[in-house]
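my questions concern the predicted model and sequence given below.
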Amino acid sequence: MIFVRGDAASARMGDRTIRLFPQKEGAPLGLMPVPTLEKPGVYELQFLDLSGAVIHRQPVTVLDAHYAKQNVQLSKEVVELKPAPGEQEAATEFRTNVSDVRYWSEPLRLPVSGCMTSPFGVQRYQNGQPTGDFHAGWDQRGATGVPIHAITGGKIMLARQFNLRGNTVAIDHGQGLESIYMHMSKIAAVEGTVVNAGDVIGYVGATGRVTASHLHWAIYANGVPVNPGQWLKLQSCYATTAKKKTTSK
């Protein structure tokens, strides 16, 4: 998150430029994402005025997150699933949209109460083979039919059935913040409507490319997936299991 002097209209780091939005209180605000695969190092963050002239510079250090690897066992039927017509295009259009109205406020809330079964950023393997991809959100444990809640207020941009993502709801929270929820058993949201934090938008399921019932969800900052752990705290299922093992007699 960036809070800067009032005459700044945008910010740039590398080849990415984001808008800064006036706030009711304080200086303009913008969300500058650091992509998961960004190389560690020192980068220059520039603040620009309306004409595009640089009015302030400051260094930003990107650290190595040391993301782990994770193998997922999938059946042949699941592996061979293809995107539905227009599925990838709809997801891309959603991520690249940046709206002026801010619906979101902190603190954000967890969409379901289940513990984490797969963290953000892990390098994904399928059936032992590298995919070249990483996990762009959180997986949370949940039985089929468990209600899924909006993490904060926003406008429903997608509420559709897809092949890979399954039943999916995507929310624009405004000013560069977005979230998406996948693999639902049932959708409970309508495209174009505005929801509040905590509203039920669907129910946990196992639709699309999945191995079991759970919720996969993600946060985007100006179109880039970012770690929900920077906004929320969630206990890992594996940490819980390990704790039980070490404390048992």
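Cool, the structure landed.

now do the SS call for E93.
Secondary structure assignment for E93 (DSSP: H, G, I helix; E, B strand; the rest coil): helix.

for the spatially most central residue of the chain, name its beta-bridge partners.
Taking Cα atoms, centre = their mean, the centroid of the chain lies closest to I219, which sits 1.9 Å from it. When assigned by DSSP bridges, I219 has beta-bridge partners S179, V226.

how about M182, what does it touch?
R165, G166, N167, T168, G208, L215, H216, W217 (Cβ atoms under 8 Å, 6 or more residues apart in numbering). Quick note: C-beta positions are derived from backbone N, CA and C, even for glycine.

same thing with G41?
Taking Cβ under 8 Å, 6+ apart as the contact definition, G41 lies against T61, V62.

tell me the phi and psi of it?
Dihedral pair for G41: phi 150, psi -180, per degrees, to the nearest 10.

re earlier: what's the separation between the residue nearest to the centre of the chain and R95?
Per Cβ to Cβ, to the nearest Å, I219 is found 11 Å from R95.

list the contacts of stretch 80-94.
Counting by Cβ under 8 Å, 6+ apart, 157-158, 160-165, 170, 172, 178, 180, 208-209 sit against stretch 80-94.

distance between the ends of it?
Start to finish, the residues bounding stretch 80-94 are 25 Å apart (Cα to Cα, to the nearest Å).

now swap in stretch 168-185 and tell me
9 Å.

how distant is it from the center of its chain?
8 Å (Cα atoms, centre = their mean, to the nearest Å).

repeat that for stretch 10-20.
Relative to its chain's centre, stretch 10-20 lies at 19 Å (Cα atoms, centre = their mean).

which residues sit against that stretch?
Outside stretch 10-20, the residues that touch it by Cβ under 8 Å, 6+ apart are 2, 4, 8-9, 28-33, 43-48, 52, 60, 98, 175-176, 222.

for K24, helix, strand, or coil?
coil.

what's the local residue count around it?
Residues lying near K24 (other Cβ atoms under 10 Å) number 5.

gap between it and K69?
Separation of K24 from K69 (Cβ to Cβ) stands at 44 Å.

quick one: pLDDT of the nearest residue to S118 once chain neighbours are set aside?
Leaving aside its chain neighbours, S118 sits nearest to D139 (3.8 Å; criterion: Cβ to Cβ, 6 or more residues apart in numbering). pLDDT, D139: 97.

now for D139, how many residues are close by?
Other residues lying near D139 total 24 when counted by other Cβ under 10 Å.

same check, this time on L37
9.

list the contacts for it?
F134.

for it, grab phi and psi.
Residue torsions, per degrees, to the nearest 10, at L37 are phi -90, psi 10.

what distance do you get for it to D64?
Look at L37 and D64: by Cβ to Cβ, they are 11 Å apart.

and E191, how many neighbours?
For E191, the number of neighbouring residues by other Cβ under 10 Å comes to 13.

which strand or helix spans the nearest residue to it once chain neighbours are set aside?
Excluding its sequence neighbours, the residue lying closest to E191 (Cβ to Cβ, 6+ apart) is A159, at 4.9 Å. Assignment of secondary structure by DSSP states H and E places A159 within strand 154-161.
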